[in-house]
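[1] no sequence for this one, just the structure:
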């Protein structure tokens, strides 16, 4: 038995030898003056250095996305790390730029978000727990704003805020369903103004999106000032600037905005910074992280959340537009297992060969390839190999790619680290060198909100049309009237399907997307369109991962994965 | 005008030159292997080093306490820092051990807690904001436990927990009165079990007390396991161990338990770690901090919260008993201003000489002197001088001390740093050298809870007796029956008076203390006795300090004080 035992991610991580973080910093030209250490293996990069780097030219950004996620797992972060390591092995000066994990899913069901096997960023224990405190700073800033707002109500409500129309919610970086809908301010006139409220998970908060889209501290402060937190009794929006606390909230974020430097198992420098959800928020790591990496390295491998319909679309329409950074190539990750689920199989049916399900599931992959092509970007499909994949299945997939002239590479980065990603790295470099990129946005930013949403539904999801609820129709009018019409859209949609019905895998057709509500996120600089039942606060499962967690007397983590 | 302008604490702090934290570590024999840097001027001390230090002999602990605090301000932290700096100037190997500030009061009304003037610990901006993330880790551990508990209820409630008898509350490190009384779990069966709940400020949470009283990670985990979080429908206590998540909660605290090393303006090494409230909790910095400082230095100057009736009593009965560390001498801080308030003056009457009020106010100081004497400890009264104090007032005070043979020293540490504390340092050393200490606890730990409380009321507060509410009387029985009788008591009482009525300054007599409820804190290892209306969640004032806070484009804080 023991000879076949596969090591767990945390075992591999704990057995790996880390270099002192200054050695990693040295590799990209960051002196000890340019970084601030957080323990021995983490550092933040200073604002002074980031300003100084602006004169450098930008490296090439490679965006990693995937098919719609399934319970089978795709391993997008793992491929991102492995591809970065592989580019390093090919002699390219490379950095990786990832999101910070949220504690909620880590303690719930998902496990951490630092890659897997021999393609991980380290120290995985720290990154998956408190890391450098960024998420805690965001949670605190979010809740300080809420406390100041409720205090304003309590102390006379000079701004004439309607307690029924406060849209600013509190936040906690945990999965805690009991906090979704709450009533606060109970207990009489000394305990504040009673009202309905709720907590979102921190990674779904606007401050997380703001931090990820800010170019510097000044920009951050301006974005915070613009955030809409409530409406008055006469339905006028109330912003943080009206409350007058943007300085205090920005102060709480002064260190959280600095990108975090860490390393992979193979000592490739990685920046792990910012981590907004990709359904309710825009799902990309911070602009500061990606831009800093691009100034320091020739190649930057970064990922966006969930499938190309969510994370990649938002990377391109929101983050790229915001930061002026467009990818040179896109990697679309798929697994045979996940494709078979898109072809209709259940999770317990995946260990057996099933060519028919695989062929049907390829429709999902094809839609995402088409989407990336619509954006005018070169791409490579990465098949993240699992041991149960059969030769026949792999052959079917390769033939299919050949038939449609789709560049494809098998990767084995989980098992082999960067070595398992060399084919992928070479194909990505080929695509970049062919230089046939002709990037274009799919919608005009000046188009009406309704039209922008329809464009995403039709061109990215392959849907027929969009329907708005009565509430959303009214909001469309209000928002244009408030002058919020010329912002990009952040679709809040299930990640499991191209449609808004999580039970429709593969490539559904002729479907309608239902927008039930819009949310103005003026600090982030986008309008959220809520479709279906979107969760901004996950719950814990019956047996949360936390039950298996522990720490030994030396401070080593047990049960993280 | 400008020539008389007094510099603010933050101006003095920002103009001070900090040494790299390794230089500070070097002074007490901590190599770069022994510490983990958090930025350039903060570090955590490793568990390995702390274990290794156990073989060293203990330095002498000097405890700084004060008269009952008044709105006039006493400057206890300032005197603590200044005394440490002064001992350093006298050639003594000295460390300072302070509490970490809470963000709630910092953003509310109180300002930070890093001393003042030229007697500050640095970097004051960081320490007053997120510091090394300890408080955030505690908040997160507290709320993860709450989420796991509510999830247990939602997933079938195998432990038969009565939702009306859940005593574990959520926490946030902010002043947020609207969260004092809330209802959670609303929205139907998918959103958890509806119940009444509330948030305490993090520094009032049991996890803060646990962290501060733990001797190492194993002890921390055992204490967490023992915490009572709820009662079953048949009134049996439910602990964290019953829920089975002590490992996960301890994991979240694995770095927070490591003491934080910083420096004073004069580069004296200081450990700033842990910060429980001194009314609802035990009000001392961590055992790990004080013990580590005692292993590293010959003299450790530490403080406890509020007056000697609260912080010092708890330091001696709870922390000393727990950690086996008793102070060699006590410093009792007073100001002429505050004594005059105890003598009946209002805050706006303090700028005028008033000998009668001063003489009357000295009664408060006398009671605290008596208390320290009851414990068998030598002491020095430190008069923290303010510019408005008149020569006649100072003479009156000195004569009074002379009459009763009370060792006293004037300090001017705010204005002069360690130089202004030399007289105090010399007197403290004299008292220690006289070696007339005969330390004794005021109550027997095996005595019934009721008797222990009565002893504190009579010997420490100078009250006549204690009265228990009907609820508390029932709890006295229940607790003894549950086997919780042999724990020390943590009195939750107003800091403004020796009695439980904040409107009685000076030295009230013949008063009764009313205990309305007991709270078992088995993790911390004490029973809280609530008297009067104790606030476990402060509110923000009409004009919170946050309104004046800001950050410049380089990340420098504005408006902290």
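    Ah, there it is. Here the structure is a predicted model, which means the values were calculated and not measured.
[2] what element comes up after the longest strand belonging to chain A heading to the C-terminus?
    Ranked by number of residues, the top strand in chain A under DSSP state E is strand A:512-521. Downstream of strand A:512-521, the next assigned helix or strand under DSSP states H and E is strand A:526-531.
[3] show me where the stretch 301-450 of chain A has strands.
    Here the stretch 301-450 of chain A has its strands, by DSSP state E, counting those that start in this stretch, at A:329-334, A:379-384, A:408-411.
[4] which stretch among those strands comes nearest chain B?
    strand A:379-384 (29.5 Å; CB to the nearest CB). For the C-beta atoms, the positions are set from N, CA and C on the backbone; glycine is no exception.
[5] what lines up beside that closest one in the sheet?
    strand A:329-334 (parallel), strand A:408-411 (parallel) (DSSP bridges).
[6] need the contact partners of the last one.
    Applying CB atoms under 8 Å, 6 or more residues apart in numbering or on different chains, the external contacts of strand A:408-411 come out as A:79, A:82-83, A:380-385, A:394, A:397-398, A:401, A:420-421, A:423-424, A:426-427.
[7] just to be sure, residue A:41 is in a helix?
    No: under DSSP: H, G, I helix; E, B strand; the rest coil, residue A:41 falls outside any helix and is assigned coil.
[8] ok, residue A:25 touching residue A:35?
    Yes: applying CB atoms under 8 Å, one finds residue A:25 in contact with residue A:35, separated by 5.2 Å.
[9] overlap in contacts of those two?
    A:43, A:261.
[10] closest point of the stretch 151-300 of chain A to chain B, which residue?
    For the stretch 151-300 of chain A, CB to the nearest CB, closest residue to chain B: residue A:247, 3.1 Å.
[11] just give the nearest non-adjacent residue to that residue, would you?
    Excluding the flanking residues, the one nearest residue A:247 by CB to CB, 6 or more residues apart in numbering or on different chains is residue B:550, at 3.1 Å.
[12] touching chain B at all, stretch A:10-28?
    No: Stretch A:10-28 lies out of reach of chain B by CB under 8 Å from any CB of the partner chain, never closer than 9.6 Å.
[13] again with stretch A:176-196
    Yes: for stretch A:176-196, a contact with chain B is found by CB under 8 Å from any CB, at A:176-187, A:190-193.
[14] re the thing from before, most packed of the strands paired with strand A:379-384?
    strand A:329-334 (a mean of 28; mean count of other CB atoms under 10 Å in any protein chain shown).
[15] could you give me the average pLDDT of that one?
    Computed over strand A:329-334, the mean pLDDT rounds to 98.
[16] quick one: it to chain centroid distance?
    Centroid separation for strand A:329-334 versus its chain: 15 Å, with CA atoms, centre = their mean, to the nearest Å.
[17] contacts for it next, please.
    A:60, A:62-67, A:74-76, A:79, A:83, A:308, A:312, A:365, A:368-369, A:372, A:377-384, A:424, A:428, A:431-432, A:437.
[18] 7 Å instead?
    A:62-67, A:74-76, A:79, A:83, A:308, A:312, A:365, A:368-369, A:372, A:377-384, A:424, A:428, A:431-432 (CB atoms under 7 Å, 6 or more residues apart in numbering or on different chains).
[19] who are the contact partners of the residue positioned nearest the centre of chain A?
    Among the residues of chain A, residue A:283 comes closest to the average C-alpha position under CA atoms, centre = their mean, at 2.7 Å. Going by CB under 7 Å, 6+ apart, residue A:283 touches A:276, A:277, A:304, A:305, A:306, A:310, A:311, A:314.
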